[in-house]
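>>> Have a look; sequence and predicted model below, questions after that.
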Amino acid sequence: MLGDQIITPSLDEGCINGVMRKVLLEMHPGKIKEGLIDMDMLKNADEIFFTNAIRGIQWVASLDGKNYSANRSSQLMNTLNMSLL
């Protein structure tokens, strides 16, 4: 996540077309973009998280010595949980 922009790797980049990824894309149409993500992007990101059907949204605390927030991933997880209730 960079600013307000959420980017997921495109399927052409080797990303798995997982259930949780699909759910988030459907819940937030137009707000999550698909594209190339490289190491420079990750180092400049405000937040990084992974998704999968078992763990939901998994926040990345740090990468290469940089610490990341969990603000948006927490919001997304709360929205997801509320939609399931």
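Great, that's in hand. Numbering: from 1, shown residues only.

>>> What are the boundaries of the strands in this protein?
6-9, 32-35, 49-52, 56-59, 62-63, 66-67 (DSSP state E).

>>> M77: which of those is closest?
strand 56-59 (4.6 Å; Cβ to Cβ). No exception for glycine: its C-beta is placed from N, CA and C like everyone else's.

>>> can you redo the strands of the chain as JSON lines with mean pLDDT and distance to M41?
Below are these laid out as JSON lines (pLDDT from 0 to 100; distance: least, Cβ to Cβ, whole Å):
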{"stretch": "strand 6-9", "mean pLDDT": "92", "distance to M41": "8"}
{"stretch": "strand 32-35", "mean pLDDT": "90", "distance to M41": "9"}
{"stretch": "strand 49-52", "mean pLDDT": "92", "distance to M41": "14"}
{"stretch": "strand 56-59", "mean pLDDT": "91", "distance to M41": "17"}
{"stretch": "strand 62-63", "mean pLDDT": "96", "distance to M41": "11"}
{"stretch": "strand 66-67", "mean pLDDT": "96", "distance to M41": "12"}
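
>>> nearest to G18, of these?
Nearest to G18, of the strands of the chain and by Cβ to Cβ, is strand 49-52 at 5.9 Å.

>>> Contacts made by the closest one with the rest, please.
1, 18, 20-21, 24, 57-60, 70, 72-73, 76 (Cβ atoms under 8 Å, 6 or more residues apart in numbering).
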